[in-house]
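*Asks:* below: sequence and its predicted model.
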Amino acid sequence: MSPGRLLSMVSPEEAAAAVCDRLAAVGSERVAHAQLPGRVLAGPATADRDSPPADVSAMDGYALRAADAPPPGGDAWLPVAGEVRIGEAPPPLPTGAALRVFTGGAVPAGADAVVPRELLEEEAEPGGGRGGRIRWLAGSPAPVVGRHIRRRGENARAGDVVLPVGVEATPAVVATLAAFGAAPPVRRRVRVAIRVTGDELHAADAAVLPPLGIRDGNGPVMAAFVAGLPWAEVVSIERVPDDRDATTLSIASALEASDAVLLSGGVSMGDHDHVPAACVAAGCTPVYHRLAMRPGKPNFGAAGPAGQAVLGLPGNPVSVLAGLRVLTLPALRRLAGFAAPQPPRLRVAVAPDDAKTLPLWHYRPARIGFDGRAHPLAHRGSGDVAGPAAMHGFVEIPPGEAAEARPRRWFA
C-alpha cells in the first residue's frame, strides 16, 4: 500500500494486513524459566544434546539379546542379572540373561530387544535382590530385534532447532525448553494504552447515573481482552471528552508510553467524532477508515509516528468485541513477534438461520451448541449491552452468502 492511500470499504482481513505491514516486533529480553509461560520467543531454541541421549527402553520390561530368549509358553526360564536405573549407566548384560529396565532407562550394550513385563511370568530373587528369572507366557510373541527401543537422537540431534522464533511459550513449549536447557530471549510484553471517548460516559462502578448517562463498558472490555493475552499488558486507561484538542493530547500521551493505542468511540461521521483527525494531529498515518463489515463499519486504523498500532473501534459494545477479535488481535500479535499475525482459525458448521444476506463481511455473534455447530444469536443491533454475555464468539460470513452455506471461520 502506498503511504498516502487510505483504505476504505475493504475487507477486514485486508485492513488488518495493511496495518501489520507498518509494524515491527517489540524489543526482546531474557527472563527466568518461571516467567516464560505466555511469552513469545525472540530467538530459536536448539538442542544441547541428542534426544534421547542414548538408546532407551520404550516400555517397562526386560532388555536382552533376542537370540537368548527361550521359546514362549515353555518351561525354560531366563535369568535376570540385575536392573537398569533411569538416569544411570546400565550394568553389563551377561550372555544368556536379561536386565530389568524401565521406560526411559538406557538399553545396555549387547541388548537388541526389550520385552514388556506383561508378556512374562516374573519370579523375584529370594531375599529381595534385583535378580530373579522370567519366562514367556503362553501365546506371547517372541522378542523382535529392535522392538520397544527408542534410538539415540531419534527426536532431535544436538544443535537441531527444536523451536523457531515467533512461538508462544505454551506449557508444551516450556517443557521442550526445560528438557534442552534452552533459554532463548523473548519479546517484552506489548504495552497497550486504552482511551475511551464520550462525554456521556461514567465510571463502570458508578452507583448513580444521570437519567441518560451511560456506564463505560468499553474500557473494561478492552482491558479484559488485553488481560487475556499473556504477552501484552495494559499500561494506561483514560476516558476522554468529546473535544478535539483533548483527544489529540490524550492520544499523544498514550503514544509516548505504549506500543499500541486502542480507542473506542469518536470514529464515525458525527460532529463530535474527533479520533481520526486527532490521530493525524498527534503524528499518526491513517491506514484505513470505514470497512465493509458489520458490526463495526466505522473502524479506523493508523500507524503511530514510532511504529505504534493505533486502532479506533466504534463505540457500540458488539462492534468493540468484533473489532478486538478481527482487527486488533492481528496488530498486537505482529507487535508481539508472532510468526504469523493472524492466529489459526477454526471453521465451524453454522446452524440454519433466517438472517438476510448482506453485501458486507458479517460477524454474527454465536454460541457453540452441544451439536458442535455455531448457533447465531438473535440480532438486536451493535448497541446491545446484554446480548454479548451469551455469545462464545463470532461467525464470519462473507458478502452475499448465507451463514449455513458451508463451514465458516470462527473468531472466539
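*Replies:* In hand now; what should we look at? Numbers count the residues shown, from 1 in each chain.

*Asks:* pull out the buried positions in stretch 397-407.
*Replies:* By neighbour count with 16 or more other Cβ atoms under 10 Å, stretch 397-407 contains the buried residues 397, 403-404. For the C-beta atoms, the positions are set from N, CA and C on the backbone; glycine is no exception.

*Asks:* and the residue lying closest to residue 169 once chain neighbours are set aside, its phi and psi?
*Replies:* Nearest non-adjacent residue to residue 169, counting by Cβ to Cβ, 6 or more residues apart in numbering: residue 36, 4.5 Å away. Geometry field for residue 36 lists phi and psi as phi -70, psi -40, criterion degrees, to the nearest 10.

*Asks:* just the one 10 residues further on next, same as before
*Replies:* In this entry, residue 46 is assigned phi and psi values of phi -120, psi 160 (degrees, to the nearest 10).

*Asks:* spatially nearest residue to residue 63, not counting backbone neighbours?
*Replies:* Of all residues not flanking residue 63 in the chain, residue 111 sits nearest, at 4.0 Å (Cβ to Cβ, 6+ apart).

*Asks:* counting neighbours, what do you get for that neighbour?
*Replies:* Residue 111: 23 surrounding residues under other Cβ atoms under 10 Å.

*Asks:* doesn't it lie inside a helix?
*Replies:* No - judged by DSSP: H, G, I helix; E, B strand; the rest coil, residue 111 forms no part of a helix; its state is coil.

*Asks:* wait, it touches residue 94, no?
*Replies:* No - here residue 111 does not reach residue 94: they are 11.0 Å apart, not a contact under Cβ atoms under 8 Å.

*Asks:* give the contact list for residue 38.
*Replies:* Taking Cβ atoms under 8 Å, 6 or more residues apart in numbering, we find residue 38 in contact with 168-169, 230-231.

*Asks:* columns secondary structure, pLDDT and neighbour count on top of those, output as JSON lines?
*Replies:* Listed next are the contacts of residue 38 as JSON lines, based on DSSP: H, G, I helix; E, B strand; the rest coil; pLDDT from 0 to 100; neighbours: other Cβ atoms under 10 Å:
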{"residue": "168", "secondary structure": "strand", "pLDDT": "98", "neighbour count": "22"}
{"residue": "169", "secondary structure": "coil", "pLDDT": "98", "neighbour count": "24"}
{"residue": "230", "secondary structure": "coil", "pLDDT": "98", "neighbour count": "15"}
{"residue": "231", "secondary structure": "coil", "pLDDT": "98", "neighbour count": "21"}
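
*Asks:* for residue 150, state which of those is nearest.
*Replies:* Nearest to residue 150 out of the contacts of residue 38 is residue 169 (Cβ to Cβ; 26.1 Å).

*Asks:* and residue 174, helix, strand or coil?
*Replies:* Recorded secondary structure, residue 174: helix (three-state DSSP).

*Asks:* on that earlier part again, so which of the buried residues of stretch 397-407 comes closest to residue 277?
*Replies:* Distances from residue 277 to the buried residues of stretch 397-407, taken by Cβ to Cβ, are shortest for residue 397, at 32.7 Å.

*Asks:* was I right to think that closest one contacts residue 364?
*Replies:* Yes - at 6.2 Å, residue 397 counts as touching residue 364 under the criterion of Cβ under 8 Å.

*Asks:* overlap of the contact sets of those two?
*Replies:* residue 403.

*Asks:* what about the residue nearest to residue 283 when sequence neighbours are not counted, which SS state?
*Replies:* Once flanking residues are discounted, residue 283 sits nearest to residue 305: 3.9 Å by Cβ to Cβ, 6+ apart. Following three-state DSSP, the label given to residue 305 is coil.

*Asks:* who's in contact with residue 305?
*Replies:* Residues near residue 305 by Cβ under 8 Å, 6+ apart: 255, 282-284.

*Asks:* just residue 139 next, same as before
*Replies:* Contacts for residue 139 (Cβ under 8 Å, 6+ apart) come out as 72-73.

*Asks:* pLDDT at it, what is it?
*Replies:* You'll see residue 139 listed with a pLDDT of 91.

*Asks:* same check, this time on residue 126
*Replies:* Listed pLDDT for residue 126 reads 84.

*Asks:* start the count at 305, not 1, going forward
*Replies:* Okay, residue one is now 305; in that scheme the one you just asked about reads as residue 430.

*Asks:* how many neighbours does it have?
*Replies:* Neighbourhood size, residue 430 [other Cβ under 10 Å]: 8.

*Asks:* which element, helix or strand, includes it?
*Replies:* Per DSSP states H and E: residue 430 is located in neither a helix nor a strand.

*Asks:* ok, residue 360 touching residue 406?
*Replies:* No - counting by Cβ under 8 Å, residue 406 is not a contact partner of residue 360; they are 9.7 Å apart.

*Asks:* got CSV for the contacts of residue 342, with distance to residue 480 too?
*Replies:* Listed next are these as CSV, based on distance: Cβ to Cβ, whole Å:
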residue, distance to residue 480
472, 12
473, 10
534, 18
535, 18
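
*Asks:* which one among those residues gets closest to residue 483?
*Replies:* Relative to residue 483, the closest of those is residue 473; by Cβ to Cβ it sits at 13.5 Å.

*Asks:* if I look at that closest one, how far off is residue 349?
*Replies:* 10 Å (Cβ to Cβ, to the nearest Å).
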